[in-house]
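Undergrad: Turn this into a structure:
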Amino acid sequence: MTRKIFVANFPYQTTVEELSTLFEEHGEVVSAKIATDRDTGRSRGFGFVEMGSEEQAAEAIRSLNGYELGGRPLAVREAEERGPRRSGPGGFRGGGGRRYPGGGGPRY
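TA: Next comes the predicted model:
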């Protein structure tokens, strides 16, 4: 069974190949992916590495969490499953809080 690892705080110039090479020292890298900005295509400084087994993933996490890459300490941990995305327009969905029944906020 493979295990997905979340990797953050690496330099924006880091490539998928560099990330893979770093993790290959701890086992089989099934895949590596760097999150990019939708508009610019630039790295967001975090990504995911999928290792060949749970043991290899645990070893990589132990060894690389805090490891300095390009002067920055990596944050490496087991990736959390992400729930389904909500669809719909916009990002803000009003909807009454406890303070102002009926939502929105105070009416002046």
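
Undergrad: Now do Pro84, the pLDDT please.
TA: On pLDDT, Pro84 comes in at 79.

Undergrad: neighbours of it, just the number please.
TA: 5 (other Cβ atoms under 10 Å). Using the backbone N, CA and C atoms, a C-beta is placed for each residue, glycine as well.

Undergrad: One more: Leu19?
TA: Neighbours of Leu19 (other Cβ under 10 Å): 21.

Undergrad: is it true that it lies in a strand?
TA: No. Read with DSSP: H, G, I helix; E, B strand; the rest coil, Leu19 is helix and lies in no strand.

Undergrad: My guess is it contacts Ala32. True?
TA: Yes. With contacts counted by Cβ atoms under 8 Å, Leu19 reaches Ala32, the gap being 4.8 Å.

Undergrad: gap between the host helix or strand of Phe23 and the chain center?
TA: When elements are assigned from DSSP states H and E, Phe23 belongs to helix 16-24. Its chain's average C-alpha position is 16 Å from that of helix 16-24, according to Cα atoms, centre = their mean, to the nearest Å.

Undergrad: What is the subsequent helix or strand relative to that helix?
TA: Next along from helix 16-24, by DSSP H and E: strand 29-36.
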